[in-house]
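Chemist: Turn this into a structure:
(2 chains)
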Protein chains: 2
Amino acid sequence: MNLTEMTRAWIARVEDKLDAVLPPPTEAPRSLHEAMRYSVLGGGKRIRPLLVYAAGVSLGANENQLDAPAAAIELMHAFSLVHDDLPAMDDDDLRRGRPTTHKAFDEATAILAADALQPLAFKVLADDAALNVEADTRLRMISLLASACGSLGMTGGQSIDLKSEGQRLDAAELEHMYKLKTGCLLEVSVLSGACAAQADESTLVLLREYADKLGLAFQICDDILDIEGATEVIGKTQGADVFRNKATWPALFGLDEAKRKSAELLDEALHAIEPLGGQADPLRAIGTYIVNRDR
Amino acid sequence: MNLTEMTRAWIARVEDKLDAVLPPPTEAPRSLHEAMRYSVLGGGKRIRPLLVYAAGVSLGANENQLDAPAAAIELMHAFSLVHDDLPAMDDDDLRRGRPTTHKAFDEATAILAADALQPLAFKVLADDAALNVEADTRLRMISLLASACGSLGMTGGQSIDLKSEGQRLDAAELEHMYKLKTGCLLEVSVLSGACAAQADESTLVLLREYADKLGLAFQICDDILDIEGATEVIGKTQGADVFRNKATWPALFGLDEAKRKSAELLDEALHAIEPLGGQADPLRAIGTYIVNRDR
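Modeler: Predicted structure coming up:
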């Protein structure tokens, strides 16, 4: 299977799973369920699920086991996007080429729809039969996801991001913000796939290093796309970060240095998983795809 | 130990636990952690933790095991209060006699602080050492809590509540809304305490019935307090529900009928746990306390 077939197949898998775990739009409260589905099923690159599948398959899990963690992490990602787009936060009108959830519905419905995605993610990890791992492994996935989304992870990163508008962060502060806002959830994607495959602790150490480098490369790539990408490709208002005077890698170091750094970090990520040998090729392919997408 | 000593001791326990599991206010991101602590540690009746302790102790768990589920459920309750108070929702300025979180901080910080309380609740259930139960029991608590907080539980109830403003609900619709908005989390409080005590399935059936009746009685009592209670006692703006023309039991049936119904439901709740005998006295005492508080 080549990369295009692989990503297409995995994206189809996780979208089927998301469709299955989300309550049907006909079930009451209907507007809430419609908004949840709108927020989750409206396209998206599904980068975190791809990492779950790539890590899991690389280490010997079967794909049926990986649908649940892939879907759970994407639910959590969708939750964060809906809240980040709210008027009190980034105040974005466009996401994935469509109106943001609070524009398509209303602000209260958007807040609540996202609020309901969080527990659904944990419920999928706790209950899904196809995941088929020991209870201890489920608890580890739940604990990892909870940490990645809390005040010392994604939500903390968004808080720092909001406070940093118009401020001059140095490289270390920016890297820390990226780690929390994006890196933690990418890392838990890789680790959850590995946990489903019963990976040993020394493998998890390599994967943490891989995810750490890849996460920063991914975020810098996102910054570059914000400047260079056309609105129709990235699906959100182009140059929005620049307009808001947000701290970004290109703003701090220039576009060329950002591109160089992103490529260097990808190399380091791939280097980290060299000891895993040929079995880790899916992780190499998906990692490279994530950092080189759309440019 | 009499009721006052019991409630005081349990409230002190859960407040110690909440203080311990919440990140310190000195840890970055500071404003986020300050807002989380402000939202959780600012008083409150701690009714859900009292139910966790009462159910657990009635069925033979030790109090050390119950601190984690009591804290987890209170974190989830605090999360819901912060979001319910937002301008896009109930737009309340006062909660527990103090400014609401978005008034004391700002709207973005309030949204994020509450967002970070949710995963913390699940993390406590997944990780807390003192809980000291099998992994399967932790997963059950996590699954119960996730269901109680999602679109078919608390968050769904808030969605229905918002849509019902100015509308005439009938008794069945109102009861359904109460069940989702308040009842589900009260039920999971009772069941989590029981799970910690390894209660058997037939006991859980009795406790569901108890919690179901008690939950509705509690919500009707809340409605009555909204009309009769002084602002300084209930800690929020008195008559706020009436002002917003919200569907409530007294609005539908009058104050006298609401009081009669609330008392009847308490009787039914107590009747449901009769088979448990004298060991369930803490549940009887706390149930009665919850429905008869402050009036």
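Chemist: going forward, measure contacts and count neighbours with C-alpha atoms only.
Modeler: Noted.
Chemist: Run through the neighbouring helices and strands of the longest helix seen in chain A.
Modeler: In chain A, taking DSSP state H as the definition, the longest helix is helix A:201-228. Applying 3 or more CA pairs under 8 Å, 6 or more residues apart in numbering or on different chains; DSSP states H and E, one finds that helix A:201-228 contacts helix A:171-178, helix A:184-196, helix A:240-243, helix A:249-253, helix A:255-272, helix A:281-292.
Chemist: highest average neighbour count across those helices?
Modeler: Here the criterion is mean neighbour count by mean count of other CA atoms under 10 Å in any protein chain shown, and of the helices and strands packed on helix A:201-228 the winner is helix A:184-196, at a mean of 28.
Chemist: Output that one in PDB with nothing but the alpha carbons.
Modeler: C-alpha atoms of helix A:184-196 as PDB (Å, rounded to 0.1, in the frame of the first residue of the first chain):
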ATOM      1  CA  CYS A 184       1.000  16.900  23.800                       C
ATOM      2  CA  LEU A 185      -1.900  15.600  21.800                       C
ATOM      3  CA  LEU A 186       0.300  14.400  18.900                       C
ATOM      4  CA  GLU A 187       2.500  12.600  21.400                       C
ATOM      5  CA  VAL A 188      -0.500  10.900  23.000                       C
ATOM      6  CA  SER A 189      -1.600   9.800  19.500                       C
ATOM      7  CA  VAL A 190       1.700   8.000  18.900                       C
ATOM      8  CA  LEU A 191       1.700   6.600  22.500                       C
ATOM      9  CA  SER A 192      -1.900   5.400  22.300                       C
ATOM     10  CA  GLY A 193      -1.200   3.400  19.100                       C
ATOM     11  CA  ALA A 194       1.900   2.000  20.800                       C
ATOM     12  CA  CYS A 195       0.000   1.100  24.000                       C
ATOM     13  CA  ALA A 196      -2.600  -0.800  21.900                       C
END
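Chemist: Which residues are in contact with the residue most central in space within chain A?
Modeler: Closest residue to the average C-alpha location of chain A: A:Arg48 at 4.3 Å, with CA atoms, centre = their mean. By CA atoms under 8 Å, 6 or more residues apart in numbering or on different chains, the contact set of A:Arg48 is A:Ala70, A:Ile73, A:Glu74, A:Leu185, A:Leu186, A:Ser189.
Chemist: Regarding it, which helix or strand does it belong to?
Modeler: Assessed by DSSP states H and E, A:Arg48 sits inside helix A:47-59.
Chemist: Show me what counts as buried in that helix.
Modeler: By neighbour count on 16 or more other CA atoms under 10 Å in any protein chain shown, the buried set for helix A:47-59 is A:47-59.
Chemist: hang on, A:Ser159 packs against B:Leu112?
Modeler: Yes - with contact defined as CA atoms under 8 Å, A:Ser159 counts as touching B:Leu112 (7.0 Å).
Chemist: Common neighbours of the two, please.
Modeler: Contacts common to A:Ser159 and B:Leu112, judged by CA under 8 Å, 6+ apart, are B:Leu32.
Chemist: quick one, helices of the stretch 51-200 of chain A?
Modeler: With DSSP state H, counting those that start in this stretch, the ranges of helices along the stretch 51-200 of chain A come out as A:63-84, A:101-104, A:107-127, A:135-149, A:154-164, A:171-178, A:184-196.
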